[in-house]
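Undergrad: Generate coordinates for the sequence data below:
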Amino acid sequence: MSKAKRVVIIGWDCAPPQFVFGPWLEEMPNLRALMAEGAAGELESTNPPITVPAWTVMMSSLNPGQLGFFGFRNRRIGEYGGKWIANASAVKAKRCWDLLGEAGKRVCAINVPQTYPVSPVNGILVSSFLTPDTNSEYTYPPGLAEQVDKIADGYMIDVDHFRTQDKQWLLDQIYEITDKRFRVSKALMQIEPWDFFMMVEMGSDRIGHGFWKYCDPDHPKYEPGNPFESALLDYYKHLDEQLGEFIELAGDEAAIFVVSDHGGKAMHGSFCINDWLIREGLLTLKRPVTEPTRFEEDLVDWERTTAWAWGGYYGRVFLNVKGREPQGTVPPSEYENVRDDLIERLKSVTDHEGRPMNTQVHRPQDIYSGPYVDEAPDLLVYLDDLNWRLGQDLGNPELYAFDTEIGPDDSVHAHMGMIALRVPGEKPTRLEGAQLMDVTPTVLELLGVPVPDYMEGRSLL
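TA: The predicted structure is shown next:
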């Protein structure tokens with residue numbers, strides 16, 4: 001396999017392969033040309049298929065049990081209310097750009113999740129959406145921020161409050177922030193010397209969550225002829241135009257990746273898991289809650305509680321274990337029996353019309369390896385193969401809801417993201433069985449840097 005002189009990764013967060021490689025592809029000429037010269041296929045995400053930890057799994061080639069975080073929010077084991085957010089401070093593993101920098105390669109990383117707070121790199125870095133604002137130190141070197149802000153005419157970190165009913169405002173914001181990010185990325189690509197260039201666009205995630213029901217005829221809330229019916233396709237056509245410019249700027253000697261961290265699909269509904277646990281006799285409150293109420297740990301009667309849950313696009317269920325939790329009720333000797341019983345109960349949950357769901361419930365020991373496995377939730381729940389999200393609020397009138405407690409949201413995540421890869425001088429075969437952890441070993445091989453033995457992925461070459 002020939003080695004590329006340079007490597008470019010363009011990330012489209014949450015890009016759905018069923019559309020990008022399906023009905024939209026005809027209107028994405030630059031992606032289509034890239035695929036014709038290289039290869040493309042689905043890219044299996046991590047568990048869970050969520051932005052954090054997915055991008056760091058991709059860039060470190062390590063599973064979350066090795067990394068020590070399992071989502072944006074993570075629980076401090078032994079504390080009922082102990083939570084922490086997995087920003088860059090949580091990432092102890094070396095990522096692709098760290099290894100390349102140690103090998104003397106110049107890197108440029110823009111908007112890759114989990115890069116705030118910023119750390120030094122052999123090159124430049126612009127941090128991502130967990131950055132509080134542009135008044136924070138969001139670039140390396142710090143002086144780069146002034147240049148970035150000038151190029152963008154006011155750089156923006158993310159679309160604030162993207163779960164909104166004001167869809168025209170949201171659409172305008174997504175395009176504005178996308179264009180600012182591309183303007184900065186293309187400028188830095190030409191100004192800075194680099195061997196490895198990576199940028200991630202989050203607008204593709206925000207537009208999916210904000211507009212899926214308007215665009216997908218299979219969405220339960222789809223209305224034909226609505227004014228935003230082409231919003232998703234139009235945005236991806238815009239991404240494709242930008243991709244064409246990146247390919248031209250990168251030159252013929254650069255390998256080009258287009259990747260997503262996970263996919264997306266229509267949300268069928270939201271299941272109120274803590275209300276369900278109450279009905280199952282597994283969660284007891286200090287007093288009845290008769291109207292929708294945010295779940296808070298101080299509402300729980302822990303001495304009479306077996307399990308509780310966090311919601312989101314997937315569910316996290318925690319058992320109240322004696323000796324681990326302050327007021328644990330589950331004897332360690334009964335832990336596996338209680339967990340097995342809960343798995344069966346969760347798998348038996350039907351949808352709002354009584355139909356069986358294709359629900360997966362994972363024990364972390366079955367899907368992770370590494371020193372942090374015991375810090376994972378006791379169970380990870382993918383309700384109906386992630387078609388349903390899980391709401392953690394209490395006191396809902398029904399177990400099934402069709403809006404979320406955090407604002408309008410039309411889509412959920414899917415296990416399969418996408419990858420398209422062009423390597424100069426080579427014609428790769430179809431990327432069958434590709435997964436996130438394969439990306440970094442492939443980049444290292446392309447740039448002639450040894451792949452560490454500890455990495456769990458394999459080169460796609």
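
Undergrad: use CA for all of it now, contacts and neighbours both
TA: OK.

Undergrad: show me the contacts for the residue most central in space within the chain.
TA: A centroid search over the chain (Cα atoms, centre = their mean) returns residue 51, at 1.6 Å, as the residue closest to the centre. Under the criterion of Cα atoms under 8 Å, 6 or more residues apart in numbering, the contact list for residue 51 reads 13, 71, 113, 261, 262.

Undergrad: Now the two most distant members of those residues.
TA: The span of the contacts of residue 51, defined through Cα to Cα, is set by 13 and 71 at 15.3 Å.

Undergrad: who's more crowded, the two?
TA: Each of residue 13 and residue 71 has its neighbours counted (other Cα atoms under 10 Å); residue 13 has more, 28 against 22.

Undergrad: Check the more buried one and give its pLDDT.
TA: Model confidence at residue 13, given as pLDDT, is 98.

Undergrad: Could you pull up the contacting residues of it?
TA: 51, 200, 201, 202, 203, 204, 205, 259, 260, 261, 262.

Undergrad: do the same with residue 145
TA: Counted by Cα under 8 Å, 6+ apart, residue 145 has contacts 137, 138, 139.

Undergrad: Among those residues, which ones are in strands?
TA: Cross-referencing the contacts of residue 145 against strands under DSSP state E gives residue 139.

Undergrad: Serialize the contacts of residue 145 to TSV and add fields for distance to residue 252 and neighbour count.
TA: TSV is the format used below for the contacts of residue 145 (distance: Cα to Cα, whole Å; neighbours: other Cα atoms under 10 Å):
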residue	distance to residue 252	neighbour count
137	35	19
138	32	25
139	29	26
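
Undergrad: JSON lines for the contacts of residue 145, including distance to residue 215 and pLDDT?
TA: Formatted as JSON lines, those follow (distance: Cα to Cα, whole Å; pLDDT from 0 to 100):
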{"residue": "137", "distance to residue 215": "38", "pLDDT": "97"}
{"residue": "138", "distance to residue 215": "35", "pLDDT": "98"}
{"residue": "139", "distance to residue 215": "36", "pLDDT": "98"}
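
Undergrad: Domain ranges for the protein, per the record?
TA: Domain ranges of the chain: 6-266+413-446, 269-408, per automatic domain parsing.

Undergrad: tell me the mean pLDDT for the shortest one?
TA: Right, domain 269-408. Domain 269-408 comes out at a mean pLDDT of 97.

Undergrad: tell me how far the ends of it are from each other?
TA: 12 Å (Cα to Cα, to the nearest Å).

Undergrad: from the chain's centre, how far out does that domain sit?
TA: 21 Å (Cα atoms, centre = their mean, to the nearest Å).

Undergrad: same question, the first one
TA: On the basis of Cα atoms, centre = their mean, the separation between the geometric centre of domain 6-266+413-446 and that of its chain is 9 Å.

Undergrad: Endpoints of it, how far apart?
TA: One end of domain 6-266+413-446 to the other measures 8 Å (Cα to Cα).

Undergrad: Report the spatially nearest residue to residue 404, omitting neighbours in sequence.
TA: Of all residues not flanking residue 404 in the chain, residue 270 sits nearest, at 6.7 Å (Cα to Cα, 6 or more residues apart in numbering).

Undergrad: Provide the secondary structure category for the one you found.
TA: Secondary structure state of residue 270, per DSSP: H, G, I helix; E, B strand; the rest coil, is strand.

Undergrad: Now for the residue nearest to residue 119 when sequence neighbours are not counted: which residues touch it?
TA: Spatial nearest neighbour of residue 119, excluding adjacent residues (Cα to Cα, 6+ apart): residue 140 at 7.0 Å. Going by Cα under 8 Å, 6+ apart, residue 140 touches 118, 119, 120, 121, 124, 125, 126.

Undergrad: so the fifth one makes contact with residue 108?
TA: Yes: Residue 124 sits in contact with residue 108 when judged by Cα atoms under 8 Å, with a separation of 5.0 Å.

Undergrad: and residue 44, what are its bridge partners?
TA: Judged by DSSP bridges, the bridge partners of residue 44 are residue 416, residue 435.

Undergrad: Export the contacts of residue 13 to CSV and append columns for pLDDT.
TA: CSV is the format used below for the contacts of residue 13 (pLDDT from 0 to 100):
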residue, pLDDT
51, 97
200, 98
201, 98
202, 97
203, 97
204, 97
205, 96
259, 98
260, 98
261, 98
262, 98
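
Undergrad: would you list these in a markdown table and tack on secondary structure and distance to residue 215?
TA: Shown next, in a markdown table, are the contacts of residue 13 (DSSP: H, G, I helix; E, B strand; the rest coil; distance: Cα to Cα, whole Å):
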| residue | secondary structure | distance to residue 215 |
| --- | --- | --- |
| 51 | helix | 23 |
| 200 | strand | 23 |
| 201 | strand | 20 |
| 202 | coil | 19 |
| 203 | helix | 16 |
| 204 | helix | 14 |
| 205 | helix | 14 |
| 259 | strand | 22 |
| 260 | coil | 20 |
| 261 | coil | 22 |
| 262 | coil | 19 |
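
Undergrad: Show me the helices in the stretch 351-461 of the chain, by range?
TA: 364-367, 439-446 (DSSP state H, counting those that start in this stretch).

Undergrad: Nearest to residue 231, out of these?
TA: Closest among these, once you apply Cα to Cα, is helix 439-446, at 29.8 Å.

Undergrad: just checking, what packs against the closest one?
TA: helix 51-60, helix 96-102 (3 or more Cα pairs under 8 Å, 6 or more residues apart in numbering; DSSP states H and E).

Undergrad: again, 7 Å this time
TA: helix 51-60 (3 or more Cα pairs under 7 Å, 6 or more residues apart in numbering; DSSP states H and E).

Undergrad: Could you tell me the angle between the helix it packs on and helix 439-446?
TA: Between helix 51-60 and helix 439-446, the angle comes out at 20 degrees (axes from the mean of the first three to the mean of the last three Cα atoms, to 10 degrees).
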